[in-house]
Structure formats: structure tokens, C-alpha cells
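Asks: pasting a predicted model and its sequence here:
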Amino acid sequence: MEVKVLGTVSPKCYENKNCPGYLINTRNKKILLDCGNGCTRYINSPEELSDIIIVISHLHRDHWGDLLSLGYDSYVLHNLGILKDRVKVYIPEYVPEDKLTSTYLDPITGDLCQTPTNESIADYEFLLSLGEEHFLEFITYNKETKLKIDDIEIDFSKNPHQVQAYSIRVKDKNSTVVYSGDTGYKNNTLTNLATNADLLICESTFLSTQPKKLDYHLTTTEAATIAKEANVKSLLLTHFYPTIEKEEYVKEAQEVFENTTAAEEGKILKIGVKK
């Protein structure tokens with residue numbers, strides 16, 4: 001199993017850094033986990049668009065923004081007769097009864113407030129109404145969904161976040177890779193999903209020295225604690241703030257979980273290779 005790093009930062013691209021995206025290649029099948037802004041710079045088209053499926057962890061735009069570029073590329077390649085089958089894109093289903101709320105700080109009083117959010121709904125409807133100039137097929141999933149492609153298994157666990165968000169596990173006969181997506185720490189499901197995984201790709205949005213008033217993301221220490229409790233073999237940190245040096249995140253995480261590195265755009269990791 002190979003993992004190509006496409007993007008590592010949020011909320012914006014910065015210099016040579018892109019928003020989140022990871023391309024897994026196993027058994028000649030390709031699985032793209034998130035497609036944030038700038039990710040298509042590292043996708044070799046059309047080779048890597050054939051026999052690929054895309055899974056979007058949640059509908060925040062730093063995690064799906066480059067679907068628009070990839071969608072138009074698929075449209076052009078199909079018109080040229082190169083791309084025969086639509087590219088399957090799995091997105092979280094919209095469940096109205098969830099009544100998702102967004103928590104924010106009142107700028108005047110400093111109080112924590114909650115309001116119903118329709119951001120997930122708006123992005124969901126936007127993606128399903130892209131028009132004709134793409135060659136994508138959108139398919140919804142939820143926490144019960146289990147995908148099987150030959151001997152590759154993909155399953156999901158739901159995360160605490162402002163919108164419906166999921167962690168994703170990709171497993172073949174030899175290796176298991178888990179991608180956190182975005183998640184809070186309290187009541188997260190990531191520890192169970194990642195138990196004994198070969199690689200955990202985990203968001204580390206905040207250093208512990210930064211204030212985290214809302215539990216929608218992880219600190220680096222929390223990400224390392226999850227890796228330790230899940231007994232993973234290695235931890236790959238991601239979802240950095242663009243202007244903070246990645247070494248700061250790694251140094252903090254290694255105090256809890258030693259086998260930690262930072263994701264770097266363009267690098268390819270080989271998972272499950274016997275030494």
C-alpha cells in the first residue's frame with residue numbers, strides 16, 4: 001500500500017502547501033481521501049483518474065474545494081475519449097433530523113452560543129447540482145456504510161464536528177490506514193477505528209499552547225494520545241496552520257507518541273513493506 005501526500009494545511013493553500021488530501025494506491029486501485037484546494041497539482045492525470053474512487057470526509061470546503069478542478073478535468077478527459085467511466089465520489093449523506101448546530105463565540109460578550117447550521121446542506125446541494133461539465137458520480141455514505149473493492153475494505157466512524165464528519169479506514173490483506181478527517185477530542189470514535197492500524201493520518205490543528213475554546217478539532221497532544229491508546233504503528237500529523245513550522249507539531253506529539261512524523265506534500269509512504 002502506498003500513500004501519496006497531496007495536501008496538509010488548512011484553511012488555505014500557502015506557498016507549496018495545499019489543503020488536505022491523501023491518495024492511497026493498493027492492489028492497483030486508487031482511493032483519494034479528501035480533495036482540498038491545490039491537491040490536483042499532485043494528481044497525475046489521466047493515469048491516476050482511471051480506476052479511482054474519492055471519499056470526502058466532510059463538507060467543509062478546505063476538504064473538497066479541488067473537486068471542482070478534478071470534476072472539470074474528468075469532463076475534458078471523457079470528451080477526449082480517455083476517461084470511460086464516471087469517477088465515483090462518496091460524500092456524507094444529509095440527514096435533516098440530525099439538526100446540526102454550530103457553536104461560536106459572541107464577539108461582544110465572549111459567551112459560547114449555538115445556532116442551527118445549514119452549511120453542510122448548502123454544500124451538499126451545491127455538489128449534487130454541478131451541472132453537466134463534470135464526469136463525476138456522487139454517492140452518499142453514513143457510519144453504517146461498508147465499501148468493498150476486490151479485497152480492499154473501507155469503513156467509517158462518525159466524528160464530533162460542526163457538520164457531519166467521518167474518519168475513514170482503508171484496509172487490505174496486509175495493511176490498515178486510518179484517516180481522521182476533522183474531529184473533536186471528547187466522545188471521538190477515532191481511537192476504536194484506528195486500533196492496531198499501521199498508519200494513522202491524524203489532524204493536529206492546534207499546538208497545546210494555542211487556545212482551543214471549541215472541541216471541533218484536535219490539539220497535537222490529543223492526536224498523539226489517540227495514536228498511543230489505539231496502539232497504531234505510526235502517526236502522520238496533518239491539518240496544520242499554514243504558517244506554523246511543522247517541526248513544532250512533531251516535537252510536541254513525540255512527547256506522547258514517539259513514532260510521529262509530519263505529512264509533506266508530494267511524499268509517498270510505503271505501508272506494510274517487510275523490512
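Replies: That came through fine.
Asks: can you tell me the closest non-neighbouring residue to Ile82?
Replies: Nearest residue to Ile82 in three dimensions, chain neighbours excluded: Pro46, at 5.0 Å (C-beta to C-beta, 6 or more residues apart in numbering). Where you see a C-beta, it was placed from the backbone N, CA and C, and this is true even at glycine.
Asks: assumed Asn76 was part of a helix.
Replies: If you look again at residue 76, you'll see it is Val, not Asn. Yes - when DSSP: H, G, I helix; E, B strand; the rest coil is applied, Val76 is found to be in a helix.
Asks: for it, what are its contacts?
Replies: Contacts for Val76 (C-beta atoms under 8 Å, 6 or more residues apart in numbering) come out as none.
Asks: can you rerun that using 10 Å?
Replies: By C-beta atoms under 10 Å, 6 or more residues apart in numbering, the residues touching Val76 are 45-46, 82-83, 133-135.
Asks: with distance to Ala262, neighbour count and secondary structure added, can I get the residues you listed in JSON lines?
Replies: Converted to JSON lines, the contacts of Val76 look like this (distance: C-beta to C-beta, whole Å; neighbours: other C-beta atoms under 10 Å; DSSP: H, G, I helix; E, B strand; the rest coil):
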{"residue": "Ser45", "distance to Ala262": "27", "neighbour count": "16", "secondary structure": "coil"}
{"residue": "Pro46", "distance to Ala262": "31", "neighbour count": "15", "secondary structure": "coil"}
{"residue": "Ile82", "distance to Ala262": "36", "neighbour count": "13", "secondary structure": "coil"}
{"residue": "Leu83", "distance to Ala262": "34", "neighbour count": "19", "secondary structure": "coil"}
{"residue": "Glu133", "distance to Ala262": "37", "neighbour count": "12", "secondary structure": "coil"}
{"residue": "His134", "distance to Ala262": "33", "neighbour count": "22", "secondary structure": "coil"}
{"residue": "Phe135", "distance to Ala262": "35", "neighbour count": "21", "secondary structure": "coil"}
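Asks: bridged to the residue lying closest to Glu2 once chain neighbours are set aside, which residues?
Replies: Computed as C-beta to C-beta, 6+ apart, the closest residue to Glu2 that is not its neighbour in sequence is Asn25, at 4.5 Å. For Asn25, the beta-bridge partners are Glu2, Lys30 (DSSP bridges).
Asks: quick one on the thing from earlier: closest to Lys228 among the contacts of Val76?
Replies: Nearest to Lys228 among the contacts of Val76 is Ser45, at 38.7 Å by C-beta to C-beta.
Asks: the closest one touches Ile82, doesn't it?
Replies: Yes - with contacts counted by C-beta atoms under 10 Å, Ser45 reaches Ile82, the gap being 9.2 Å.
Asks: residues contacting Tyr241?
Replies: 9-12, 14, 204-207, 210, 249.
Asks: check Ala262 too.
Replies: If you count contacts by C-beta under 10 Å, 6+ apart, Ala262 has them with 5, 8, 204, 235-238, 240, 245-250, 253.
Asks: going by residue numbers, what spans are strands in the stretch 101-250 of the chain?
Replies: Per DSSP state E, counting those that start in this stretch, the stretch 101-250 of the chain carries strands over the ranges 101-105, 112-116, 136-141, 146-149, 152-159, 165-171, 176-179, 199-203, 234-238.
Asks: pull the residues that contact the third one.
Replies: In this case it means strand 136-141. Applying C-beta under 10 Å, 6+ apart, the contact partners of strand 136-141 are 53-56, 67, 70-72, 74-75, 85-95, 124, 127-128, 130, 145, 147, 154-156, 166, 168.
Asks: repeat that for 6 Å
Replies: Residues outside strand 136-141 that contact it (C-beta atoms under 6 Å, 6 or more residues apart in numbering) are 71, 86-91, 93, 128.
Asks: nearest to Leu190 among those?
Replies: Comparing the contacts of strand 136-141 against Leu190 with C-beta to C-beta picks out Tyr90 as the nearest, at 18.7 Å.
Asks: give me the mean pLDDT for whichever strand or helix holds the closest one.
Replies: Here Tyr90 sits within strand 87-92, counting by DSSP states H and E. Mean per-residue pLDDT for strand 87-92: 96.
Asks: measure stretch 252-272 end to end?
Replies: Distance across stretch 252-272, first residue to last, is 26 Å (C-alpha to C-alpha, to the nearest Å).
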